[in-house]
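Novice: Pasted the sequence and its predicted model underneath.
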Amino acid sequence: MTGYKVANGNGTAKTNGNSNGHSNGHCNGHKSADYTAQENPTGSGKIRCELTPEELRALRVLHEDTYPYEVIEEIADFITKGSGMRPKIGIICGSGLGSLADIIQDPKIFEYEKIPNFPVSTVEGHAGRLVVGTLEGATVMAMQGRFHFYEGYPLAKCSMPVRVMKLCGVEYLFATNAAGGINPRFAVGDIMLMHDHVNMLGFAGNSPLQGPNDPRFGPRFPALVNSYNKDLINKAIEIGKAMGIESNIHVGVYSCLGGPNYETIAELKALRMMGVDAVGMSTVHEVITARHCDMKVFAFSLITNKCATEYSDKKDEEANHEEVMAVAKNRQKACCELVSRLIREIHLASA
Ligand SMILES: O=P(O)(O)O[C@H]1O[C@H](CO)[C@@H](O)[C@H]1O
């Protein structure tokens, strides 16, 4: 064993073995990739200048996770050239809410696996396609499938597509999610317009903006008060009234936890005491990234389950992804109408 550890980009550490005979402690003049020379742990005192394939792979994974401006630019070019469009509105579809992308007209579809340097979706209810087209006259791009921290992606990678959207020309981010309702006034199927968030991953020292800051995206220390656009919230409330679903629309605070496990009763009680109304495992890092690069943000949670905040033996009070998906499917029509009408207003106001 050479005995040192490299992060593999999934938050775990791997120990590299000296299995292929390359780490022999000699400089052989071979021009290798970018790396820091290590003192040879075999004790010969010489510097080892060649990386093992495992080390190179680990470095590549780390590099992929950093997504420099130029890489994001390449992805954005791929999408704008491939679609012939510079979309103005970006939509992220929550669990079971992929139909928000199905209503896009004249769609150009990009499978994530065919987009260079793009991660892949691994969660049921997240198809893994980027759809570019028009909706209510506005140019839009929608992520039918988002990336979550619990899938093993670092937060910067989870929200990297928001920067792609920015470089494609997007000015407005619409982020949607399925969430558990903690506010006792919320019913399953209600929609909570997000007006603020509690970033539990941030409390734990994790941010999509960690690492060197590239000022071409935004400032080192972005302010997050007023992250959720008040005009859009007010317009959405008006639209809710016009749709006759006023009593199912709330304005509240969302909190993102790491997942994939759902919360304990004690955690839910603590969140409620902190003023949280709905809980999920996404969205917050996307909003932070969007605000960092000065996008206007509108976000909502579809309440797919009520979170129990008292101890009980009842199985039906436990959250599960099948229920989340089923409720989202039932409410997709209302969610699509809300989004379409709001996009129409934005489009008309800017025409
Ligand atoms: O936030 P979205 O992607 O809508 O999904 C929510 O639903 C899943 C749990 O059922 C979690 O991924 C949670 O974050």
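Specialist: Yes, it's here.

Novice: Out of the helices and strands in the chain, which is least certain?
Specialist: Least confident helix or strand of the chain, by mean pLDDT, DSSP states H and E, is strand 5-7 with a mean of 27.

Novice: Looking at the stretch 101-250 of the chain, what residue ends up closest to the ligand?
Specialist: residue 177 (3.5 Å; Cβ to the nearest ligand atom). All C-beta atoms are positioned from the backbone trio N, CA, C, and that covers glycine.

Novice: Quick check: that residue is in a strand.
Specialist: Yes - membership of residue 177 in a strand is supported by DSSP: H, G, I helix; E, B strand; the rest coil.

Novice: for it, what are its contacts?
Specialist: The contact partners of residue 177, by Cβ atoms under 8 Å, 6 or more residues apart in numbering, come to 94, 95, 97, 254, 280, 282, 283, 299, 300, 301, 302.

Novice: Go again with 7 Å.
Specialist: Listed by Cβ atoms under 7 Å, 6 or more residues apart in numbering, the contact partners of residue 177 are 94, 280, 282, 283, 301.

Novice: Which residue, other than its chain neighbours, is closest to it?
Specialist: Of all residues not flanking residue 177 in the chain, residue 94 sits nearest, at 3.8 Å (Cβ to Cβ, 6 or more residues apart in numbering).

Novice: Now for the one you found: which residues touch it?
Specialist: 176, 177, 178, 302.

Novice: Determine which two of those are furthest apart.
Specialist: 176 and 178 (8.3 Å; Cβ to Cβ).

Novice: Identify the residues contacting residue 301.
Specialist: 177, 179, 192, 194, 254, 278, 280.

Novice: mind running it again at 6 Å?
Specialist: 177, 179, 192, 254, 278 (Cβ atoms under 6 Å, 6 or more residues apart in numbering).

Novice: now do residue 335
Specialist: residue 97.

Novice: Please report how far it lies from residue 239.
Specialist: The spacing between residue 335 and residue 239, counted by Cβ to Cβ, to the nearest Å, is 12 Å.

Novice: One more: residue 130?
Specialist: 26 Å.

Novice: do the same with residue 118
Specialist: Where residue 239 is concerned, residue 118 sits at a distance of 32 Å (Cβ to Cβ).

Novice: what's the answer for residue 78, then?
Specialist: For residue 78 relative to residue 239 (Cβ to Cβ), the value is 34 Å.

Novice: which intervals of the chain have sub-threshold pLDDT?
Specialist: Counting by pLDDT under 70, the chain shows low-confidence ranges at 1-49, 56-65.

Novice: Which residues of it lie near the ligand?
Specialist: 94-95, 123, 146, 148, 177-178, 259, 280-282, 321, 324 (Cβ under 6 Å from any ligand atom).

Novice: Need those in a markdown table (columns: secondary structure).
Specialist: Below are the residues of the chain next to the ligand laid out as a markdown table (three-state DSSP):
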| residue | secondary structure |
| --- | --- |
| 94 | coil |
| 95 | coil |
| 123 | coil |
| 146 | coil |
| 148 | coil |
| 177 | strand |
| 178 | strand |
| 259 | coil |
| 280 | strand |
| 281 | coil |
| 282 | coil |
| 321 | helix |
| 324 | helix |
